[in-house]
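Colleague: The following block contains a protein sequence and its predicted model.
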Amino acid sequence: MDVFDAPLPDDPYAGLAWDPDEFAPPPEFEEPPYPEQSAAASVDLPQHREFTGADPRAVLHEVFGYDAFRGEQADIVAHVVAGGDAVVLMPTGGGKSVTYQLPALVRPGTGLVVSPLIALMHDQVDALLANGVRAAFLNSTQAPAERAAVEQAYLAGELDLIYVAPERLSSPATTKLLQRGKISVIAIDEAHCVSQWGHDFRPDYLALGDLDERFPGVPRMALTATATRETHEELTRRLSLPTARHFVASFDRPNIQYRIDPKVDPRRQLVAFIRAQPERSAGIVYALSRKTVEQTAEFLRGQGIDALPYHAGLPAEVRSANQSRFLRDDGVVMVATIAFGMGIDKPDVRFVAHIDLPKSVEGYYQETGRAGRDGEPSVVWMAYGLGDVVQQRRLIDQSPGDRAFKTRLGQHLDAMLALSETIGCRRQNLLAYFGQQSSPCGNCDTCLEAPETWDGLIPAQKLLSTIVRLKRERNQEFGAGHLIDILRGATTERVRQQGHDALSTYGLGADLSEQDWRSVIRQLLARGILVAKGDYGTLALADAAAGVLRGETPVPLRRDVLGRSSGPARMRRTNAPDTLGEGDRGLFEALRAWRAATAKELGVPAYIVFGDATLRALAESKPASLADLDGVTGIGAKKREAYGQAVLAVIAAES
């Protein structure tokens, strides 16, 4: 079977109107290397432990504190340890990093990781050091003496892994340095950057195709969270991986609960949603514009929520400080554009919210995938309304490019609208878009509370007839608000001045509320029965409207349910601390407080110390000795040595 025949999702970035400054603000990205200097310094590395040739499963337990591999991790690790190349497509939170970190520990030499973001390098190196792995990075944040010390450690064989950006690896000086040592495995993370939009975004990824010539005999890995068939094929070709084995994981994230609500008052709906989460939950709120980001963050702060803005228009020092707080403190909510996300290796994000409709299912999947990377229950929520549909259609009409390009944008939006309007399982719809079949999940809003449908044929005919009469009789076109006023028999000044109270359809829709009519219009737009035109979003009939006017096309509509996201009981029961028994929650919170204090003292994010899953396991098992800590998920030898006594003291104090 052709390796590319496996069902693959579309590229997460296709169809998006990327602003490079918006998505990639400095100082996120690596700069070309500074001239090297001979200044010397030392690198603070953990004590060396020899794992060369060891059983990967034993190393997984000893270093990372896990007893078993997940999914295809074991097969990937075995293949690469044996010297094989691999292309790995695995969703965010699926455990990609283990698949290259373990081979780097087991094979002789140093693992080379090509990573696109400085923030991601720092986070992964911090996490590895905390687990006793000798890891370091080379990037432009370091002083010359620090870089020289890392280089010397590499040449002395004192590093298990070294992280570099593609720009640095493109430097002949860096290649020459790495060739002087021994590389055990090469991992190219975010490998989709070599394909399609990545050509312009990170052009130095294209230079990675000759790594097999620069480092002959070294197994290479290309890893990404999602990719189209075309992207999959292109990254394989451009990275010169013709004999690589391809591993394509399931795109399902069963720990994530998907929820989409009609947009009425999005900021207040957002507040209700956030307050329904357990206290001190970390979350991300996505908005499309910088202005909306800043206004939303300010509004949330006014409601007593610790919210910070993040977008490319903010000064670099503000972005850096806000990102640092989000990573290190509990309970911080980051309100951001799509500039924030890739490279944020924070596993305990408990919720992701969208207050604007994403431009594609791929973008939605990527952004929601930043919740629950630790596998713990998490919630993703979106407020979606008529204005979103009109705005997105207008942006497509105004976008540069030929008809084929705009058609593709429209197809991406249609798929996003289908997900938003579905009366079936959200997860089924999402996975089907990626070519993966599934059963109803029981963990999305439509599964938990089946939506009600109603026959919308007559209201649709009333609306379409109004649009037809205005166009034919008066050559006029209007937006949703004025059409609703006509149908509901409103006596506004505009209706009177235009004489629209004389139309035969005036007042025929008084049986529906304004919100009901907005729902009707939104769903007709989503189905392609209506189209929005021009800068003002005036409504016109699409070809499909003819069948509706003749009564030949049924119009079943979803009945919006308002206020659902404010139900704390439904939301709270799906989150990690609340899955504990009553007697264990106090201990969980005590361990969480200890973790926060320890992380602050060490100057690292809390999850570097222990993840929520580990705290929950400790609260449930209540170990009484260091020996009892062996086997607790996420506690390897190094962390048992570093934190074991302190953890036992907290448990004893709460018993």
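Modeller: Looks like it came in fine.

Colleague: so after the helix ranked longest in the chain, what's the next helix or strand?
Modeller: Identified as the longest helix of the chain according to DSSP state H is helix 582-602. From helix 582-602 onward toward the C-terminus, using DSSP states H and E, the following helix or strand is helix 606-609.

Colleague: what's the longest helix of the chain packed up against?
Modeller: Counting contacts by 3 or more CB pairs under 8 Å, 6 or more residues apart in numbering; DSSP states H and E, helix 582-602 packs against helix 606-609, helix 612-621, helix 637-654. Yep, even glycine has a C-beta here, placed from its N, CA and C like the rest.

Colleague: got the buried residues for the second one?
Modeller: Looking back up the chat, that one is helix 612-621. For helix 612-621, a neighbour-count test (16 or more other CB atoms under 10 Å) marks Asp612, Ala613, Thr614, Leu615, Arg616, Ala617, Leu618, Ala619 as buried.

Colleague: Tell me the helix or strand right after it.
Modeller: On the C-terminal side of helix 612-621, the nearest following helix or strand under DSSP H and E is helix 626-629.

Colleague: Quick one: mean pLDDT for that following helix?
Modeller: Regarding helix 626-629, the rounded mean pLDDT is 92.

Colleague: Quick check, pLDDT for the residue of the chain most remote from its centre.
Modeller: The C-alpha centroid of the chain is most remote from Ala502, which lies 51.5 Å away (CA atoms, centre = their mean). We have a pLDDT of 91 for Ala502.

Colleague: measure it to Arg496 for me?
Modeller: Ala502 is 10 Å from Arg496, where distance means CB to CB, to the nearest Å.

Colleague: what's the answer for Gly302, then?
Modeller: Gly302 sits 39 Å away from Arg496, taking CB to CB as the criterion.

Colleague: Pull the contacting residues for Ser289.
Modeller: Thr337, Asp356 (CB atoms under 8 Å, 6 or more residues apart in numbering).

Colleague: what pLDDT does it get?
Modeller: At Ser289, the predicted lDDT confidence score is 89.

Colleague: Same check on Gly567?
Modeller: Per-residue confidence at Gly567 stands at 39 (pLDDT).

Colleague: Is the residue nearest to Pro262 when sequence neighbours are not counted in a helix, a strand, or coil?
Modeller: The spatial neighbour of Pro262 that comes closest, neighbours along the chain excluded (CB to CB, 6 or more residues apart in numbering), is Asp560 at 4.1 Å. Under DSSP: H, G, I helix; E, B strand; the rest coil, the three-state class of Asp560 is coil.

Colleague: which residues touch Asp560?
Modeller: Counting by CB under 8 Å, 6+ apart, Asp560 has contacts Pro262, Gln515, Asp516, Ser519.

Colleague: check which helix or strand covers the third one.
Modeller: So the one you mean is Asp516. Element membership for Asp516 (DSSP H and E) is helix 514-526.

Colleague: Give me the next element, helix or strand, following that helix.
Modeller: Scanning forward in sequence from helix 514-526 by DSSP H and E, the next helix or strand is strand 530-533.

Colleague: Check what contacts that following strand and list those residues.
Modeller: Identification of contacts with strand 530-533 by CB under 8 Å, 6+ apart yields 389-390, 393-394, 397, 464, 467, 477, 521, 524-525, 538-542, 545.

Colleague: re the thing from before, compute the distance between the residue nearest to Pro262 and Ala544, please.
Modeller: Per CB to CB, Asp560 is found 22 Å from Ala544.

Colleague: again with Asp402
Modeller: 24 Å.

Colleague: now do Gln461
Modeller: Gln461 sits 13 Å away from Ala544, going by CB to CB.

Colleague: Asp126 contacts Ala606, correct?
Modeller: No: the pair Asp126 / Ala606 is not scored as a contact, 11.7 Å apart, by CB atoms under 8 Å.

Colleague: Looking at those two now, which is surrounded by more residues?
Modeller: Neighbour count, other CB atoms under 10 Å: between Asp126 and Ala606, Ala606 has more, with 24 against 19.

Colleague: Just confirm the more buried one contacts Asp348, I think it does.
Modeller: Yes: counting by CB under 8 Å, Ala606 touches Asp348, with 7.5 Å between them.

Colleague: Can you check the pLDDT for Asp210?
Modeller: Asp210 is assigned 89 on the pLDDT scale.

Colleague: Could you report the neighbour count for it?
Modeller: Asp210 has 11 neighbouring residues, counting by other CB under 10 Å.

Colleague: likewise Leu129?
Modeller: Neighbour count for Leu129, taken as other CB under 10 Å: 18.

Colleague: Name the SS class of it, please.
Modeller: Secondary structure for Leu129, judged by three-state DSSP, is helix.

Colleague: Contact partners for it?
Modeller: So Leu129 contacts Leu45, Pro46, Ala135 (CB under 8 Å, 6+ apart).

Colleague: now Pro347
Modeller: Under the criterion of CB under 8 Å, 6+ apart, the neighbours of Pro347 are Gly93, Arg373, Asp374, Tyr607, Gly611, Asp612.

Colleague: show me the contacts for the fourth one.
Modeller: Counting by CB under 8 Å, 6+ apart, Tyr607 touches Ala127, Lys346, Pro347, Asp348, Asp374.

Colleague: can you do 6 Å?
Modeller: Listed by CB atoms under 6 Å, 6 or more residues apart in numbering, the contact set of Tyr607 reads Pro347, Asp348.

Colleague: Look up how far Lys406 lies from it.
Modeller: Separation of Tyr607 from Lys406 (CB to CB) stands at 42 Å.

Colleague: Secondary structure class of the residue nearest the centre of the chain, three-state.
Modeller: Centroid-nearest residue in the chain: Glu367, 2.8 Å away (criterion: CA atoms, centre = their mean). At Glu367 the chain is in helix, as set by three-state DSSP.

Colleague: For the residue nearest to it when sequence neighbours are not counted, the count of nearby residues, please.
Modeller: Once flanking residues are discounted, Glu367 sits nearest to Tyr286: 5.6 Å by CB to CB, 6+ apart. Using other CB under 10 Å, Tyr286 has 26 other residues around it.

Colleague: Which secondary structure element is home to Lys223?
Modeller: Just to correct that, residue 223 is Leu rather than Lys. Here Leu223 sits within strand 220-224, counting by DSSP H and E.

Colleague: Would you map the strands across the stretch 251-400 of the chain?
Modeller: Using DSSP state E, counting those that start in this stretch, the strands of the stretch 251-400 of the chain run over 256-262, 282-286, 307-310, 333-336, 349-354, 378-384.

Colleague: Save these as CSV, and put in distance to Pro242 and mean pLDDT too.
Modeller: Formatted as CSV, those follow (distance: least, CB to CB, whole Å; pLDDT from 0 to 100):
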stretch, distance to Pro242, mean pLDDT
strand 256-262, 36, 94
strand 282-286, 38, 95
strand 307-310, 40, 95
strand 333-336, 39, 95
strand 349-354, 38, 95
strand 378-384, 38, 95
